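Undergrad: can't give you the sequence, but here's the structure:
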């Protein structure tokens, strides 16, 4: 038996065959992240349902003393733009590693990480401003629902920032390439998810 025929008969054990198998299906990291995001969609769906139920039972909404405090065209808008921009830089990082541009991948992933941290800092500062105006989690149904929704989202952003930091560290160690970057794809899916959730939160809390 020649070497070529032996490779054909044992093709399922070769790297080429393994790569073909990977291309036919979805990888475990990405599948796991999609399932996790599905559970998070249900979680935030429950929070949104509780918000609208509370809103329907309390008029006016928001209370008059908080309607002027929650100005959408303030610091929170800057934080929103930053988070949206981070989603674009995250996708640029994914596109870079797909074409094996490791420098572009690291640059865009680092920018995404910094923007995520900046969003958290601005959100914390915005909280301090609200506290200074007398709006806290104990300020009736509105204060409770507002801080519950935004703080849970902030916790998810914090988790995403840690995830991005791990991806960045691994990328700096040379662990990703055009053929092996499933963890990068999975992290990007999560980051896009928290971005979309914030857009919904920002729209509902400040404009509806």
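TA: Good, I have the coordinates. Since the model is a prediction, treat every value here as computed from it, not as a measurement. Numbers count the residues shown, from 1 in each chain.

Undergrad: Which strands or helices does the lengthiest helix in the chain pack on?
TA: Across the chain, the longest stretch assigned as helix under DSSP state H is helix 140-172. If you count contacts as 3 or more Cβ pairs under 8 Å, 6 or more residues apart in numbering; DSSP states H and E, helix 140-172 packs onto helix 28-56, helix 75-98, helix 102-132, helix 182-206. Placement of C-beta: from N, CA and C, glycine included.

Undergrad: For those, give me a markdown table that also has mean pLDDT and mean neighbour count.
TA: As requested, the helices and strands packed on helix 140-172 are arranged in a markdown table below (pLDDT from 0 to 100; neighbours: other Cβ atoms under 10 Å):
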| stretch | mean pLDDT | mean neighbour count |
| --- | --- | --- |
| helix 28-56 | 95 | 13 |
| helix 75-98 | 97 | 19 |
| helix 102-132 | 96 | 18 |
| helix 182-206 | 96 | 19 |
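
Undergrad: And the contacts of stretch 172-184?
TA: Stretch 172-184 is contacted from outside by 19, 27-30, 93-94, 97-100, 102, 105-106, 109, 167, 170-171, using Cβ atoms under 8 Å, 6 or more residues apart in numbering.

Undergrad: how about a cut-off of 10 Å?
TA: 15, 19, 22, 26-33, 90, 93-94, 96-102, 105-106, 109-110, 163-164, 166-171, 187-188 (Cβ atoms under 10 Å, 6 or more residues apart in numbering).
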